[in-house]
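>>> Build the 3D model from these lines:
(one chain, ligands or ions: 1)
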Amino acid sequence: MRGKFAKVELMEDLMAKIISLSKRRGFIFPGSEIYGGLANSFDYGPLGVELKNNIKQEWWKRFVQQRSDIVGIDAALIMNPKVWEASGHLENFSDPLVECKKCNTRFREDQIQDEKCPNCKGKEFSLPRNFNLMLKTFLGPAEDAANTVYFRPETAQAMFVDFKNILSASRQNIPFGIAQVGKAFRNEITPGNFIFRTREFEQMEIEYFVKEEEWEEHFENWLNEMKQWLKDLGVSEKKLHYVDIPDGERAHYSKRTVDIEYEYPFGQKELYGLSYRGDFDLKNHFPKDAPCRDAESKDAFWPHVIEPTWGVDRSVLVAMLEAYHEEEVPTAEEGESATRVVMKFPFWVAPVKVAILPLVKNKPEVVKKAREVFDMLKLQFPCQYDEAGAIGRRYRRQDEIGTPFCVTVDFDTLKDNSVTIRDRDTMKQNRVSLDSLITTIKERLNDKDN
Ligand code: ATP
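Numbering: from 1, shown residues only. Down below sits the predicted model:
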């Protein structure tokens, strides 16, 4: 259904448009704005939280609730620091930081191109020093080393640390997985590009435990699952790149890592990752005590791990970038056209599914009927009621937030008990009886082509 109208050539400022629409319509706001902001922090607004929840809930449904081989957890954000010692994060989770001697700006070493400072083009830098990315705080009143703790830099570790409890409580057998969705914190040296790289973000991760000899088969399965997910999120294949990380650049314990990269307006960068981690993590946490037992031989063993990982915020960002369309549409006045901005989210992603609009707001019977329709539909779908402004404007507003259907209540509704449904993508309208309205919307929302 897409692309009926000529697409206005998107200009290079797509990011600026997404950022502006996000603020204007309530997807994402700059954090702490009235106090001058806090660099690179963002708040999800009324529509953003719905969009983000749709993504997290679909993920959870697909990978936890609809599978018998994956169970979920929701672990504490702050764990015993020994976790980060065992996992290697305290020693190795760092980026090389250099400082420009001219302007004193700090960069990650790999961001210096042609040996020039990206800020002032200066050519002299301090020697690189490793900067640990874990965010520190203190538990309890004494701010000393004994009370130092870290906000988790990834959700993964709790799934290893809790492995034995989960295994015995859930009575799973290899192969099986543990899933978690939640916040992670990294004291990034150079955050930026809106919600692409922030210091506080969300991840959706799975640790999938397998027998060593079966890892390649499971790796392929997960790669396919991730491809299917991206398709369903509405991400065009031509913007995706599956980059096999070569020998020597992968973590020493990983036999294969694929970075799933996307062509953002600011360059091709990581969106998700898939990594074979061997038995590295479980051996770190259970060095003496292999946590699984072979069903036949009864020998104890450490299962191997396939780790698919999805960034929630980057998912929101690509969903918005892909959905953004500008189209030339005819206006009421003959021969004229205007640009409409429409977010063509897949229907399941859209924060609002149905808008209910009385054609006019100065006719109490029409308004009353529209409210009744809203009261009926809101029990079935995320809905919005809007009576403010000209009907054309209200349609545009719903297009801009990606609402698949607008239901308009007019004078005829009072006579024949029918309403108009307008389709976001085709802008076509048709009349539907109120008796079959819910079924019609359900059918259209489930239409697999969208
Ligand atoms: P990058 O190379 O972009 O720093 P990474 O390889 O360090 O990412 P992972 O440690 O594999 O990332 O984290 C898993 C996922 O979490 C990433 O694929 C990404 O979607 C998300 N992610 C990581 N760091 C951030 C961040 N600072 N802000 C937002 N999302 C992030």
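>>> show me the contacts for whatever residue of the stretch 351-450 of the chain ends up closest to the ligand.
Residue nearest to the ligand within the stretch 351-450 of the chain (CB to the nearest ligand atom): Pro351, separated by 20.5 Å. Heads up, the C-betas are built off the backbone N, CA and C, glycines and all. By CB atoms under 8 Å, 6 or more residues apart in numbering, Pro351 lies in contact with 27, 47-48, 50-51, 54, 382, 401-402.
>>> Ignoring the adjacent residues along the chain, who's closest to it?
Using CB to CB, 6 or more residues apart in numbering and skipping the chain neighbours, the partner closest in space to Pro351 is Glu50 (3.6 Å).
>>> And the residue of the chain found nearest the ligand, its phi and psi?
Using CB to the nearest ligand atom, the single residue of the chain nearest to the ligand is Gly311, 2.1 Å away. Backbone geometry at Gly311, expressed as degrees, to the nearest 10, gives phi -80, psi 130.
>>> from what I can see it touches Gln203, true?
Yes - contact criterion CB atoms under 8 Å: Gly311 and Gln203 qualify, at 6.0 Å.
>>> Of the contacts of Pro351, which pair is most distant in space?
Among the contacts of Pro351, the pair separated by the greatest distance (CB to CB) is Phe27 and Pro382, at 14.6 Å.
>>> more neighbours, the two?
With neighbours defined as other CB atoms under 10 Å, Phe27 and Pro382 compare such that Phe27 has more, 27 against 15.
>>> got the contact list for that one?
Taking CB under 8 Å, 6+ apart as the criterion, Phe27 is in contact with 21, 44-45, 47-48, 51, 320, 351, 401.
>>> do the same with Tyr262
Shown here is Tyr262, whose contacts under the criterion CB under 8 Å, 6+ apart are 235, 239-241, 268-271, 314, 318.
>>> Could you rerun that using 7 Å?
By CB atoms under 7 Å, 6 or more residues apart in numbering, Tyr262 lies in contact with 239-240, 269, 271, 318.
>>> Equivalent analysis for Thr420, please.
Contacts of Thr420 (CB under 7 Å, 6+ apart): 408, 429, 431.
>>> and it, what are its bridge partners?
As for beta bridges, Thr420 partners with Thr408, Arg431 under DSSP bridges.
>>> Let me know the pLDDT of it.
Thr420 is assigned a predicted lDDT (pLDDT) of 98.
>>> What of Leu240?
Per the predicted model, pLDDT is 98 at Leu240.
>>> now do Cys117
Confidence score, pLDDT, at Cys117: 88.
>>> partners of the closest residue in space to it that isn't next to it in sequence in the sheet?
In space, and not counting its chain neighbours, Cys117 is closest to Cys100: 4.0 Å by CB to CB, 6+ apart. Per DSSP bridges, the residues bridged to Cys100 are Phe125.
>>> residues in contact with Cys100?
Counting by CB under 7 Å, 6+ apart, Cys100 touches 117, 119-120, 122, 125.
>>> Buried among these? Make that a PyMOL selection.
This is the PyMOL syntax for the buried subset of these, where burial follows 16 or more other CB atoms under 10 Å:
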select buried, resi 117+122+125
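>>> so which of the contacts of Cys100 comes closest to Arg394?
Minimum distance to Arg394 across these is 45.4 Å, recorded for Asn119 (CB to CB).
>>> how would you label that closest one: helix, strand or coil?
Put simply, Asn119 is coil when judged by DSSP: H, G, I helix; E, B strand; the rest coil.
>>> who touches it in this structure?
Counting by CB under 7 Å, 6+ apart, Asn119 has contacts 100, 103, 105.
>>> 10 Å instead, please
Under the criterion of CB atoms under 10 Å, 6 or more residues apart in numbering, the contact list for Asn119 reads 100, 102-107.
>>> ok, now Trp229?
Each residue near Trp229 by CB under 10 Å, 6+ apart is listed here: 55, 58-59, 62-63, 204, 235, 260, 272, 308, 310, 315.
>>> for Ile28, same thing?
For Ile28, the contacting residues are 18-19, 21-22, 42-45, 47-49, 51-52, 194-195, 313, 316-317, 320, by CB under 10 Å, 6+ apart.
>>> now do Met79
Going by CB under 10 Å, 6+ apart, Met79 touches 87, 149-152, 157-158, 161.
>>> hey, what's it bridged with?
Counting by DSSP bridges, the residues bridging with Met79 are Tyr150.
>>> So which of the contacts of Phe27 are in helices?
Counting by DSSP state H, the part of the contacts of Phe27 found in helices is 21, 47-48, 51, 320, 401.
>>> re earlier: shared neighbours of Gly311 and Gln203, which are they?
184, 272.
>>> Residue numbers of the chain in contact with the ligand?
Residues of the chain lying close to the ligand (CB under 6 Å from any ligand atom) are 154, 186, 188, 197-198, 201, 203, 270-273, 309, 311, 313-314.
>>> where's the nearest residue to Asp232 once chain neighbours are set aside, which helix or strand?
Closest residue in space to Asp232, ignoring its immediate chain neighbours: Pro346 at 6.6 Å, by CB to CB, 6+ apart. Under DSSP states H and E, no helix or strand contains Pro346.
>>> now do Glu296
Per DSSP H and E, there is no helix or strand for Glu296.
>>> Next, count neighbours for it.
Using other CB under 10 Å: Glu296 sits among 6 other residues.
>>> Distance-wise, check it relative to Leu233.
Distance, Glu296 to Leu233, by CB to CB, to the nearest Å: 41 Å.
>>> Test my guess that Lys164 contacts Trp302.
No - using CB atoms under 10 Å, Lys164 is not in contact with Trp302, being 11.9 Å away.
>>> Give me the common contacts of those two.
Common contacts of Lys164 and Trp302 (CB under 10 Å, 6+ apart): 282, 285-286, 289, 291-292.
>>> Lowest pLDDT pick from these?
Pick the lowest pLDDT in those and you get Asp289, at 91.
>>> Just to confirm, what's the three-state secondary structure of it?
With three-state DSSP as the basis, Asp289 sits in coil.
>>> and the nearest residue to it once chain neighbours are set aside, how many residues sit next to it?
Counting by CB to CB, 6+ apart, Ala300 is the residue found nearest to Asp289 once chain neighbours are left out, at 7.9 Å. When neighbours are counted by other CB under 10 Å, Ala300 registers 11.
>>> OK, contacts around Ala300?
Shown in contact with Ala300 (CB under 10 Å, 6+ apart): 289-294.
>>> Which strands border the helix or strand where Val258 lies, and is each parallel or antiparallel?
Using DSSP H and E, Val258 sits in strand 256-264. Strand 256-264 has its sheet partners listed here by DSSP bridges as strand 240-244 (antiparallel), strand 267-278 (antiparallel).
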